[in-house]
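Chemist: okay, predicted coordinates and the sequence, questions at the end:
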Amino acid sequence: MTLSSKAAGLIYESMLAGSISNLQVQWAIRGLFSENARENHAFGFYDGAATEAAFLALAQNPPNSAYAGLVLYTPLGAQPGCGPEEFIGYTPVPETSLMLLGTGLLARDGDLMKLFEFKLTHSQDAPATLADVKTRCGRFRAALN
């Protein structure tokens, strides 16, 4: 991935976070990939050069998580400078800590179920047959009334 593409991803993430406006993003990204953008009045008006320079510097050494969830959509048959443009998208990445917590809770639940089953099957009082279960349920109902 080129430095310009990395900077574009970081710019897009900043827009999603609400740090910069859509028009700043539009002109900064155009400035990354098109020399003609710099000649447009809007490029200077929306401070495209400063935004572009700041994010190019950030893209030099980003942390590994900087691009989590970003997707680069490339149309079939596209070529740089010719044909359909590439698009940046975002797909939320589930938090690993929440996934680990969920699997830990499921594992703990499974351990409790195994313990409960063990106590039922190894208990002196465990009913041996369906008739024993019905008898106990009858006694329980009678005790409630």
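Modeler: Sure thing, it's come through.

Chemist: in stretch 38-47, what's buried?
Modeler: The neighbour-count check on stretch 38-47 (16 or more other Cβ atoms under 10 Å) flags 43, 46-47 as buried. Using the backbone N, CA and C atoms, a C-beta is placed for each residue, glycine as well.

Chemist: could I get those residues in CSV, plus columns for pLDDT and distance to L58?
Modeler: Output for the buried residues of stretch 38-47, formatted as CSV (pLDDT from 0 to 100; distance: Cβ to Cβ, whole Å):
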residue, pLDDT, distance to L58
F43, 86, 20
Y46, 89, 18
D47, 87, 16
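
Chemist: quick check, nearest of those residues to L10?
Modeler: D47 (16.1 Å; Cβ to Cβ).

Chemist: and the gap between P75 and E86?
Modeler: To E86, P75 is 7 Å away according to Cβ to Cβ, to the nearest Å.

Chemist: for I29, same thing?
Modeler: Applying Cβ to Cβ to I29 and E86 gives a distance of 10 Å.

Chemist: okay, the two: which has more neighbours?
Modeler: Neighbour count, other Cβ atoms under 10 Å: between I29 and E86, I29 has more, with 24 against 14.

Chemist: before we move on, back to that, tell me which of the buried residues of stretch 38-47 is nearest to A66?
Modeler: The nearest member of these to A66, counting by Cβ to Cβ, is D47 at 22.2 Å.

Chemist: perfect, that will be all.
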